[in-house]
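Novice: model this:
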Amino acid sequence: MLKSISMAAAMLTISTVGVLLPAAGQRAQAQSAGMFVNAVDLDIVPAERDSFLAAIKENGAAAAQEPGCKRFDIVNLNSDPNHFFLYEVYDNEAAFKAHRETDHFKKYMATTGKMVAKREARQMSVVAGNAK
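Specialist: All right, here's what the predicted structure looks like:
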């Protein structure tokens, strides 16, 4: 009898865990699904580096305050002080497009147009987010 009760309790525990784990995984997936990433590699004219940094920092700080912007990282390649990487994360593509219509983005583009020697942008979707 005790063995039957123990087996029933074990089966109930396994069933409960089996039901809860997919739900937690689905919540994590739902939080990541649909997020939009704009990843940009930039080579800056060396003489313009300081001016570019001021402009991109201003744009990034303003972008991070936008309702649909989750992240706006400005990264500098250790081996090349004139190569930057922008990692922008938005709720969705509409939020990214709204960012590109802001006054601060338009100012950034007008200011830095001649400072950028090469620009390569890639748009992506988040498949899974693994941040703390």
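
Novice: give the pairing partners of the one helix or strand Val37 maps to; include direction for each.
Specialist: Element membership of Val37 [criterion: DSSP states H and E] is strand 36-44. Partners of strand 36-44 in the sheet, by DSSP bridges, are strand 83-90 (antiparallel), strand 116-125 (antiparallel).

Novice: the nearest residue to Arg49 once chain neighbours are set aside: neighbour count?
Specialist: Across the structure, with Cβ to Cβ, 6 or more residues apart in numbering as the measure, the residue nearest Arg49 apart from its sequence neighbours is Asn82 (5.9 Å). The way it works is simple: take the backbone N, C-alpha and C, and place the C-beta from them, glycine included. By the other Cβ atoms under 10 Å criterion, the neighbourhood of Asn82 contains 17 residues.

Novice: list the residues that contact Asn82.
Specialist: Contact partners of Asn82, counting by Cβ atoms under 8 Å, 6 or more residues apart in numbering, are Asp43, Ile44, Val45, Pro46, Arg49, Ala117.

Novice: cool, Phe85 as well?
Specialist: Counting by Cβ under 8 Å, 6+ apart, Phe85 touches Ala39, Val40, Asp41, Leu42, Ile74, Val75, Asn76, Leu77.
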